[in-house]
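S.K.: build me a model:
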Amino acid sequence: MANINLDSLSVAELDKLKYNIEHAISNRKQSELLEVRRKLDELVDNSGFSLQEILEAKSVRKPVQPKYRNPENAENTWTGRGRRPVWVEQALSAGKTLEDLLI
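M.R.: Take a look at the predicted model:
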């Protein structure tokens, strides 16, 4: 990459350089976008699915095993992910630790 001493350029030269850079970025984005589109079209064509089906596909999340159990009610469990259930907060407030609630 060429080293340009920006301090030595006039405002007009800087404006021209800025315009050329913006133009080059725009052209590069367009060519890269078209390349991605070409690859995507090829993938879609070879997949046997429509683009709509692909865009609407949702990943299947594997169920996570519970990690904690409510000592007061064994039916209440928590995986340890997301917001803590009320029973966990109550147990912690009562002086228990998460280790006490482990299954």
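S.K.: so where do the strands sit in the chain?
M.R.: Here the chain has its strands, by DSSP state E, at 68-69, 77-78.
S.K.: these: which one's closest to I21?
M.R.: Nearest to I21 among the strands of the chain is strand 77-78; the distance by C-beta to C-beta comes to 53.1 Å. Every residue, glycine included, has its C-beta placed from N, CA and C.
S.K.: tabulate the strands of the chain (TSV), appending mean neighbour count and distance to D41.
M.R.: Below are the strands of the chain laid out as TSV (neighbours: other C-beta atoms under 10 Å; distance: least, C-beta to C-beta, whole Å):
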stretch	mean neighbour count	distance to D41
strand 68-69	18	48
strand 77-78	18	45
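S.K.: which of those strands sits closest to L14?
M.R.: Closest among the strands of the chain, once you apply C-beta to C-beta, is strand 77-78, at 59.2 Å.
S.K.: which elements pack onto the closest one?
M.R.: The contact analysis (3 or more C-beta pairs under 8 Å, 6 or more residues apart in numbering; DSSP states H and E) places strand 77-78 against strand 68-69.
S.K.: contacts for the strand it packs on next, please.
M.R.: 76-80, 88, 98, 101-103 (C-beta atoms under 8 Å, 6 or more residues apart in numbering).
S.K.: now it: mean pLDDT?
M.R.: What strand 68-69 shows for mean pLDDT is 97.
S.K.: much appreciated, bye for now.
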